[in-house]
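**Q** only geometry, no sequence info:
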């Protein structure tokens, strides 16, 4: 039944075309939706919304966490392609004695009745011992392979999770799940969720930055804002040259740039006032202003030459291999960004199309990739610790899955989502902590299996966010990166 006000409007505007009428009516629905985000920040049932409507007009402003945070920012080091856990951190001495033998029947049966039964696809029924030597390091006596001699020195600062699991054995879906909580593309990434919930502490820089060369498998659906307002999409910075392409205006235009920006923003505000409820327009206005402010801030943060020779050596910038230098610059830039209040930095180790995807000749793949990253990651941990920043910066080293102990092809390993290793350091993480375990050959998590939603809930908790209250309504449903309420299990034992 039509309301009296709607009928009156139609009678007074009978000459309008049907298309114009529908467009204006649609704006009315947008206004109603916007009105529902009232200033008291409550849903209809009285529960608190994480983001109030007024924050959409200032999306980068810092917001108060739900409780005292352990960490203020995150540096996420993503090793694209799946490093082998049994050749890096998950030492399996029994596997060495089973070289060339079939998978033990007890392990085979346990996997065949699980959701990870497809882990055998594409593999030989032949176990392959690790070609790498392992040794114990630190007071914790943690086993680390010879691939990571520099990271091995930091084992007492990091917490290892040996029992991660993903829902997919394919790169893109597993990578999407690690980034967004869902194997399907199109959802909001962890970095977008965190800046949506907390904003940034430096309004002259983006709250969420991505650093990469070739980029992750599956493309920008890994790190995009998805259904969250466009203001929470990431900004890609470069580690060499100008941090952002076309950052500076022509010299002839520079003197009048502020006036031009003010005029453009005034016109944008006029345009938006006629179109309530369109978050894309709010994002445009905020991003234009951010882009103007970034011109000096981004130049300063990207000037790595400001750092001492000692820091350049620490991060591997003086090494002979260009790929070591490239990754080292990204790690150093990540430190400089969080030092200046950037909330989330996503750093991808993907210098080419292959990543750590060692389907054949494991050593030919893993040897150089470990060499290109080991020193820089260790340098980042050392630098953060020396500056007193590690306790407020959560560092995560992870991939979409691990690799099988069974051989594939010519001395390679297949994808393995059933059990693999990641680690975390700083930001309220208990140093030297060890969680979970895989079976005797490193194939499947058998002790304290950890899902990606558990990892996300742990990271949000470290940042002082009530992870089940961090939500966004999409088509009448509250979306969360941690999934359906009550399903995520934060690793509270890992946090101080």
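**A** Yes, it's here. Keep in mind the model is a prediction, meaning the values are calculated, not measured.

**Q** now the nearest residue to residue 325 once chain neighbours are set aside: how far from residue 379?
**A** Nearest residue to residue 325, sequence neighbours excluded (CB to CB, 6 or more residues apart in numbering): residue 317, at 5.3 Å. C-betas here are computed from N, CA, C, even on glycine. Distance of residue 317 to residue 379, given as CB to CB, to the nearest Å: 9 Å.

**Q** so who does the residue nearest to residue 325 touch?
**A** If a contact means CB atoms under 8 Å, 6 or more residues apart in numbering, then residue 317 has 304, 325, 328, 329, 332 as its contacts.

**Q** just say helix, strand or coil for the third one.
**A** Under DSSP: H, G, I helix; E, B strand; the rest coil, the three-state class of residue 328 is helix.

**Q** give me every residue that touches it.
**A** 315, 316, 317, 319, 375, 376, 379.

**Q** for residue 147, see how far away the closest residue to the fourth one other than its chain neighbours is.
**A** Closest residue to residue 319 in three dimensions, ignoring its sequence neighbours and counting by CB to CB, 6+ apart: residue 325, at 6.0 Å. Taking CB to CB as the measure, residue 325 and residue 147 are separated by 19 Å.

**Q** what about the two, which has more around it?
**A** residue 147 (24 against 20; other CB atoms under 10 Å).

**Q** name the element the closest residue to that one other than its chain neighbours belongs to?
**A** For residue 147, ignoring the flanking residues on the chain, the nearest one in space by CB to CB, 6+ apart is residue 370 at 3.9 Å. Assessed by DSSP states H and E, residue 370 sits inside helix 362-386.

**Q** kindly state the distance between the middle of stretch 186-197 and the middle of its chain.
**A** 9 Å (CA atoms, centre = their mean, to the nearest Å).

**Q** stretch 122-131 - what's its average pLDDT?
**A** Stretch 122-131 comes out with an average pLDDT of 96.

**Q** can you check stretch 328-343 too?
**A** Rounded mean pLDDT across stretch 328-343 is 96.

**Q** thinking again about what came up before, list phi and psi for the residue nearest to residue 325.
**A** Backbone geometry at residue 317, expressed as degrees, to the nearest 10, gives phi -70, psi -20.

**Q** quick one: it from residue 393, how far?
**A** In terms of CB to CB, residue 317 sits 20 Å off from residue 393.

**Q** and residue 191, by the same measure?
**A** 14 Å.

**Q** likewise residue 370?
**A** 23 Å.

**Q** quick one: contacts for the residue nearest to residue 147?
**A** Going by CB under 8 Å, 6+ apart, the list of residues near residue 370 reads 88, 147, 148.

**Q** likewise residue 398?
**A** By CB under 8 Å, 6+ apart, residue 398 lies in contact with 76, 77, 78, 79, 164, 178, 422, 423, 455.

**Q** in helices, which of the residues you listed appear?
**A** Those of the contacts of residue 398 mapping onto helices are 178, 455, per DSSP state H.

**Q** among the contacts of residue 398, which one sits closest to residue 383?
**A** Nearest to residue 383 out of the contacts of residue 398 is residue 77 (CB to CB; 13.9 Å).

**Q** that closest one against residue 377, yeah?
**A** Yes: using CB atoms under 8 Å, residue 77 is in contact with residue 377, at 6.3 Å.

**Q** what residues are shared contacts of these two?
**A** With CB under 8 Å, 6+ apart, residue 77 and residue 377 have common neighbours 331, 397.

**Q** domain map for this structure?
**A** 58-241+302-494, 244-288 (automatic domain parsing).

**Q** mean pLDDT lowest for which of these?
**A** Looking at the domains of the chain, the weakest mean confidence is domain 244-288, a mean of 64.

**Q** and the helices in the stretch 101-250 of the chain?
**A** 105-112, 171-180, 190-198 (DSSP state H, counting those that start in this stretch).

**Q** tell me the most buried of these?
**A** helix 190-198 (a mean of 27; mean count of other CB atoms under 10 Å).

**Q** packing partners of it?
**A** strand 73-79, strand 208-211, strand 344-349, helix 452-462 (3 or more CB pairs under 8 Å, 6 or more residues apart in numbering; DSSP states H and E).

**Q** count the residues that sit near residue 125.
**A** Other residues close to residue 125 by other CB under 10 Å number 11.

**Q** now do residue 94
**A** The burial count for residue 94: 14, using other CB under 10 Å.

**Q** how about the one 3 residues further on?
**A** Other residues within reach of residue 97 by the criterion other CB under 10 Å amount to 10.

**Q** which residue, other than its chain neighbours, is closest to it?
**A** Closest to residue 97 by CB to CB, 6+ apart is residue 129, at 8.0 Å.

**Q** list the contacts of the one you found.
**A** Counting by CB under 8 Å, 6+ apart, residue 129 has contacts 95, 96, 97, 98, 99.

**Q** mind giving me the ChimeraX command for buried ones among these?
**A** Here is the ChimeraX selection string for the buried members of the contacts of residue 129, based on 16 or more other CB atoms under 10 Å:
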select :95,98
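
**Q** now the contacts of residue 129 in JSON lines, with distance to residue 469 and secondary structure?
**A** JSON lines is the format used below for these (distance: CB to CB, whole Å; DSSP: H, G, I helix; E, B strand; the rest coil):
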{"residue": "95", "distance to residue 469": "43", "secondary structure": "helix"}
{"residue": "96", "distance to residue 469": "48", "secondary structure": "helix"}
{"residue": "97", "distance to residue 469": "50", "secondary structure": "helix"}
{"residue": "98", "distance to residue 469": "48", "secondary structure": "coil"}
{"residue": "99", "distance to residue 469": "50", "secondary structure": "coil"}
